[in-house]
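Peer 1: Return atomic coordinates for the entry below.
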Amino acid sequence: MHRKLNALFIFLLVVVFITAANTVQQWNILLGVLLSTAFALVAFLFQRLTLDGMFATAVVGTFIFGLGGLSIALVVLFFFVSSALVTGRWIPDLEESAQQVRRDGFQVWANGFWLIVCLVLAVIFNTELFLLGALAAIATATADTWATELGSLAPQSTYLITNFQTVSPGTDGGISLRGTTAALAGAATIGSAGLYVFSLHFYIFIVIFTAGFLGCVLDSYFGAIFQRNNRSVTLPAWDIKISIDNNLVNGISTGAGALLAVIIKLLLV
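Peer 2: Predicted structure coming up:
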């Protein structure tokens with residue numbers, strides 16, 4: 001699936017490049033290809049990405065820099081670097097840890113799909129509303145990653161979000177004080193970064209922070225309902241069974257975070 005997304009968005013990128021309203025945007029896309037490919041290659045060499053993850057990162061990164069510019073690219077870069085630093089720290093086996101921290105194509109698209117959709121909508125409609133959605137998607141991904149990795153370090157006091165029964169650290173849908181604090185910090189950090197690099201009003205921080213944290217909460221809830229029970233969903237119209245794994249849950253939660261930011265912003269206007 002992630003390879004199909006690569007092909008689809010490469011085609012879309014070519015269309016955007018050809019139909020770009022000005023040469024500045026075309027140069028941004030070309031520079032995005034160069035920088036994102038170089039970054040993806042370095043991340044692959046440092047064992048932070050698989051081969052599929054490297055190609056997906058190059059595509060996603062080109063869209064981010066080409067449509068969002070340097071500011072949004074720096075925010076995403078912070079998410080990636082901070083996630084790479086905290087991911088896998090709790091695994092005692094170093095060799096196993098090295099495998100765990102390598103993000104594949106599915107993981108890259110799970111965190112980047114709605115971000116790109118929001119950036120495309122922001123360009124089409126020329127409004128900051130969808131830019132907030134993009135930042136909220138990043139805030140959700142950051143909050144979830146920090147909560148999962150740092151919360152797994154808690155030796156006890158982890159509870160299932162649906163019924164608050166005690167579970168082992170790292171359980172899908174499990175929440176803890178440490179993990180919740182990490183989620184709040186992750187959402188607040190991205191909100192602050194967005195506030196700084198885009199010179200937005202302070203209430204925008206509240207929008208990004210709230211949407212990012214609530215998106216993370218939804219991620220835990222869906223993890224408890226679907227991942228923990230290995231449940232799947234059947235689409236009645238096509239009779240297709242979809243297994244809801246961690247990547248799909250992440251994709252749903254980042255999309256929910258983006259949508260929540262748009263809704264909250266519209267309610268505040």
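Peer 1: Run a quick neighbour tally on residue 124.
Peer 2: 9 (other CB atoms under 10 Å). Every C-beta, even on glycine, is put in place using the N, C-alpha and C of the backbone.
Peer 1: who are the neighbours in contact with it?
Peer 2: By CB atoms under 8 Å, 6 or more residues apart in numbering, the contact list for residue 124 is empty.
Peer 1: Give me the pLDDT for it.
Peer 2: Looking at residue 124, its pLDDT is 86.
Peer 1: Then residue 1?
Peer 2: Predicted confidence (pLDDT) for residue 1: 67.
Peer 1: Tally up the residues packed near residue 9, please.
Peer 2: 21.
Peer 1: Tell me which helix or strand the spatially closest residue to it that is not a sequence neighbour sits in.
Peer 2: Sequence neighbours aside, residue 59 is the residue nearest to residue 9 in space, at 5.4 Å (criterion: CB to CB, 6 or more residues apart in numbering). Using DSSP states H and E, residue 59 sits within helix 51-63.
Peer 1: contact partners of the helix or strand harbouring residue 216?
Peer 2: Taking DSSP H and E as the definition, residue 216 sits inside helix 202-222. Contact with helix 202-222 is made by 132, 135-140, 142-144, 147, 161-162, 173-175, 183-184, 186-188, 190-192, 194-195, 244, 249-250, 252-254, 256-258, 260-261, 264-265, 268, as judged by CB under 8 Å, 6+ apart.
Peer 1: try 7 Å
Peer 2: For helix 202-222, contacts defined as CB atoms under 7 Å, 6 or more residues apart in numbering pick out 132, 135-136, 139-140, 143-144, 147, 161-162, 173, 175, 183-184, 187-188, 190-192, 194-195, 249-250, 252-254, 256-257, 260-261, 264-265, 268.
Peer 1: Mind checking which of those residues land in strands?
Peer 2: residue 175 (DSSP state E).
Peer 1: Buried ones only from the contacts of helix 202-222, please, as a PyMOL command.
Peer 2: To isolate the buried ones among the contacts of helix 202-222 in PyMOL, judged by 16 or more other CB atoms under 10 Å, type:
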select buried, resi 132+135+136+139+140+143+144+147+161+173+175+183+184+187+188+190+191+194+195+249+250+252+253+254+256+257+260+261+264+265
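Peer 1: Okay, and which of the contacts of helix 202-222 map to helices?
Peer 2: 132, 135-136, 139-140, 143-144, 147, 183-184, 187-188, 190-192, 194-195, 249-250, 252-254, 256-257, 260-261, 264-265, 268 (DSSP state H).
Peer 1: pLDDT on the helix or strand where residue 78 lies, on average?
Peer 2: Per DSSP H and E: residue 78 is located in helix 69-86. Helix 69-86 carries an average pLDDT of 86.
Peer 1: Also stretch 150-167?
Peer 2: In this model, stretch 150-167 has a mean pLDDT of 81.
Peer 1: mind listing what's buried in it?
Peer 2: Residues 150-152, 154, 158-161, 167 are the ones in stretch 150-167 that count as buried (16+ other CB under 10 Å).
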